[in-house]
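Novice: Fold the following for me, if possible:
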Amino acid sequence: MAKSILAINIAADQENMFLVSEPIREGAEGFIRTQYGTISRFSVVLFVFIVVIYSFRQLTPEQEQAGISKGLLATITGISFLLGALCSGIAGYSGMWVSVRANIRVAGEARKSMRAALYVALRAGGVAALVVVGLTVMGVTFLFCVCHAILGAGSGGSMKSTDIPMLLVGYGFGASFVALFAQLGGGIYTKAADVGADLVGKIESDIPEDDPRNPAVIADLVGDNVGDCAARGADLFESIAAEIISAMILGASMAKKANLTSSETIGFMMFPLVVHCMDLVVSGIGIISVSRDAPISNILEDPLEVMKKGYMVSLVLAIIGFGIACNAMLSISSAPSAWMYFYGCGLLGVGSAYLFLCITQYYTDYKYRPVRQIAESSTTGHGTNVIAGVALGMESTAMPVIVISIAIVSAYWCGRMSGLVDMNGNPCGGLFGTAVATMGMLSTAAYVLAMDIFGPIADNAGGIVEMSSQPANVREVTDSLDAVGNTTKATTKGFAIGSAALASFLLFSAYMDEVSAFTAKPFEHVDIAVPEVFVGGLLGSMLVYLFSAWACKAVGKSAQEVVKEVRRQFQERPGIMTYQDKPDYDRCVSIVAKSALREMTAPGILAVSMPIVVGVTFRFVGLQTKQTMLGPQVVAGFLMFATVAGILMALFLNTAGGAWDNAKKYVEAGAYGGKGSETHKATVTGDTVGDPFKDTAGPSIHVLIKMLATITLVMAPLFLD
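Specialist: Numbering: from 1, shown residues only. Sure thing, here's the model as predicted:
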């Protein structure tokens, strides 16, 4: 697939396009190198901290019986963290590497037809997506096999295969840690450049989007690659990694309770890895099913419908493959029909994923009423545009929450009815049922990520076409793909927060299992009527709002620097506006890069440190008040409230931002006066407000709520007496 894209030659008459795409590539690769260098230094510090903590932490009874030393456990956890961080970085880099090489090829294909450009953009996104999912599966599999071999699990010793998944939590934490900083830094970069370019270019100077006279336009196009492609690759990588590890932990825990045979236990633990191997196959087939040539028809094709047909191919194959996998791996002698119940859980997840995509499309695509209402409200001014967008964002949280709620409860009870029971005859398959539903939701994750990366590639292609002065019909093609790209990015974010909600529930359950393992006491309930636990919940909710505020403020501060620089160049070099002088693009790229790296640090450190501080603080409060389990209980409350607040906040920010953006696209397509009208300027204001919502704070919250769960899994011993 990658070979077919890179084999597309850049024609001799595309030299102007190459002169635009090359600075984009250099800027994106330069920023990623610098950003990942900074993240690497943070990772090394955290690695040392983890090793020190684990060198003095207590061991579980199972680990003591297996003869695992604290030093070995510290080494395994630390290396797992570094491996997760490394793989997450590679996943992000792969998305950027593909996008900066595909953008010029999409721009070139746009001169031929819309379908040809869509074909290249989707396949380019597919390459990055398949690398991300494949890397996740290989990383977890490699780590599991290494731990299995080193510790001699299943070879007659005290160490069992079911004890291995709990040792992999460092991998998930490393993936989340890198993804958080990648999303923050990339999001700040892309939106600071975008906001700065729009405010001075569109509103003050009345020049088109991606106009070559705008000094910030190259920085804006670089931002699409480092913010939307690299960051989203790392985001989905850590989502899948967290889901696989938590599902393996719950599968192992359930297998112990149900006293399954060793072969049956391995089937339940390996099931998540098999599902995502299947994802690679079905998503690859779905991407390949989208052909280069459009059917002969007088009807103009909708690019989104073309991609949805490919998605439906992947979805149908996933449903079939999921059933086969359930039958092969979840069939047990004590409950012959269990696999059918778990297959039902998987179908609930698949259905939830599809509903999430449909709901998000309804609220963000300008073919539907909500976005058109924002455009209509813009006819009366900037303020009414903002009010309409905020209202839409709040309204859009309702249906996804209902879908998540039905999915979790239904999957839980479907799992309980599977026939799996513990030693006392109590059903024990409920939590694993929710894990299977999460796997079902992510069973076409590669295709969804391909549609997401399609968006910034199409956006970049449009910028290259505009800056290289291509004919108007070519820009019309890239504009149509760009508008669809906004919708696919928004739908992917809806999919991401839905999967994050289910994955966070799994991680929360895994955290409670881990605390039970350390204390040898049941930890199945959290009482929020306990004042300290309620306070922990408040602190968790507060973190989501404070984190979002700092992320948005970081974009605002960085954008101010861009605005000042663009204004300075326009004032000091008036020849820019008449094409007699060339803008200093490099200056804006440098400003945004330095600002993004500086501003990502505070919210990132806040997110990493706060759960640790809360847990350790209330551990000592518990010692003073003789409440031995207070630390882990308060952290559990912290996690619950942070997850709930994070889901709602992310839904609001992502959908409102996407709707504002497409309301602008709708007006630019000719509605309510079109480009340059007062209505258009009002929609630009709404889009500017929504930029840090949908591309910085919102996506970062996806990572935040999962990272909070993985960090508490890793640091749980700190919270125990």
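
Novice: Would you confirm that G604 contacts A179?
Specialist: No. When contacts are counted by Cβ atoms under 8 Å, G604 is not listed as touching A179 (10.8 Å). (Each C-beta comes from the backbone N, C-alpha and C, glycine too.)

Novice: Neighbour count for these two, which is higher?
Specialist: Neighbours were counted for G604 and for A179 using other Cβ atoms under 10 Å; A179 has more, 35 against 25.

Novice: Verify the contact between that one and I240 for me.
Specialist: No. Between A179 and I240 there is no contact under Cβ under 8 Å: 11.1 Å.

Novice: so what sits against both of the two?
Specialist: In terms of Cβ atoms under 8 Å, 6 or more residues apart in numbering, A179 and I240 are not both contacted by any residue.

Novice: Contact partners for the residue nearest to D479 when sequence neighbours are not counted?
Specialist: In space, and not counting its chain neighbours, D479 is closest to G462: 6.2 Å by Cβ to Cβ, 6 or more residues apart in numbering. When contacts are counted by Cβ under 8 Å, 6+ apart, G462 touches A107, D210, R475, T478, D479, L481, D482.

Novice: Minimum pLDDT in those, which residue is that?
Specialist: In terms of pLDDT, D210 ranks lowest among those, with 75.

Novice: Report the contact partners of that residue.
Specialist: D210 sits next to V217, D220, L221, G462, G463, E466, M467 when contact means Cβ under 8 Å, 6+ apart.

Novice: That one in helix, strand or coil?
Specialist: What DSSP: H, G, I helix; E, B strand; the rest coil gives for D210 is coil.

Novice: All further residue positions should be reported with the first residue as 229.
Specialist: Happy to do that; since the first residue is 229 now, the last one works out to D438.

Novice: ok, back up a step: what about burial for the contacts of G690, which qualify?
Specialist: Neighbour counting by 16 or more other Cβ atoms under 10 Å classes A335, D438, R703, T706, D707, L709, D710 among those as buried.

Novice: and the next element down the chain from the helix or strand harbouring L543?
Specialist: If you go by DSSP states H and E, L543 is part of helix 531-557. Sequence-wise, the next helix or strand downstream of helix 531-557 (DSSP H and E) is helix 566-592.

Novice: Tell me the helix or strand right after that following helix.
Specialist: Next element after helix 566-592 (DSSP H and E): helix 597-605.

Novice: buried set for that next one?
Specialist: Here helix 597-605 shows P598, V599, R600, Q601, I602, A603, E604, S605 as buried, counting by 16+ other Cβ under 10 Å.

Novice: Relative to the whole chain's centre, how far out is stretch 711-720?
Specialist: 14 Å (Cα atoms, centre = their mean, to the nearest Å).

Novice: neighbouring contacts of it?
Specialist: For stretch 711-720, contacts defined as Cβ under 8 Å, 6+ apart pick out 456, 460, 530-532, 535, 584-585, 588-589, 591-594, 676-677, 679-680, 682-687, 882-883, 885-887, 889-890, 893, 897, 922.

Novice: Please report how far V844 lies from S837.
Specialist: For V844, the distance to S837 (Cβ to Cβ, to the nearest Å) stands at 10 Å.

Novice: typo on my end, it should be I307
Specialist: For I307, the distance to S837 - Cβ to Cβ - is 23 Å.

Novice: who has more neighbours, those two?
Specialist: I307 (19 against 11).

Novice: mind checking which helix or strand the more buried one is in?
Specialist: helix 298-338.

Novice: Checking the residue nearest to S732 when sequence neighbours are not counted next. Helix, strand or coil?
Specialist: Ranked by Cβ to Cβ, 6+ apart and with sequence neighbours excluded, the top spatial neighbour of S732 is T871, at 4.7 Å. Here T871 is recorded as helix under three-state DSSP.

Novice: my read: T871 touches F736, true?
Specialist: Yes. T871 is in contact with F736 according to Cβ under 8 Å; the separation is 7.1 Å.

Novice: who touches both of those two?
Specialist: A937.

Novice: any idea which helix or strand comes after the longest helix along the chain?
Specialist: Using DSSP state H, we find that the single longest helix of the chain is helix 700-747. Per DSSP H and E, the first helix or strand lying C-terminal to helix 700-747 is helix 759-800.

Novice: The first helix or strand past that next one going along the chain: how far from the chain's middle?
Specialist: Per DSSP H and E, the first helix or strand lying C-terminal to helix 759-800 is helix 813-827. With Cα atoms, centre = their mean as the basis, helix 813-827 stands 24 Å off its chain's centre.

Novice: got the angle for helix 813-827 vs helix 759-800?
Specialist: Angle of helix 813-827 versus helix 759-800, following axes from the mean of the first three to the mean of the last three Cα atoms, to 10 degrees, is 160 degrees.

Novice: What lies in contact with the helix or strand following helix 813-827?
Specialist: As assigned by DSSP H and E, the chain's next helix or strand after helix 813-827 is helix 829-853. For helix 829-853, the external contacting residues (Cβ under 8 Å, 6+ apart) are 270, 274, 405, 408-409, 412, 760, 764, 767, 771, 774-775, 778-779, 782, 855-860, 862-863, 866-867, 928, 932, 935-936, 939-940, 943, 946-949.

Novice: Which among those residues count as buried?
Specialist: Buried among these by 16+ other Cβ under 10 Å: 270, 274, 405, 408-409, 412, 760, 764, 767, 771, 775, 778-779, 782, 855, 857-860, 862-863, 866-867, 928, 932, 935-936, 939-940, 943, 946-948.

Novice: so of these, which ones are in helices?
Specialist: Within the buried ones among the contacts of helix 829-853, residues falling in helices by DSSP H are 270, 274, 405, 408-409, 412, 760, 764, 767, 771, 775, 778-779, 782, 858-860, 862-863, 866-867, 928, 932, 935-936, 939-940, 943.
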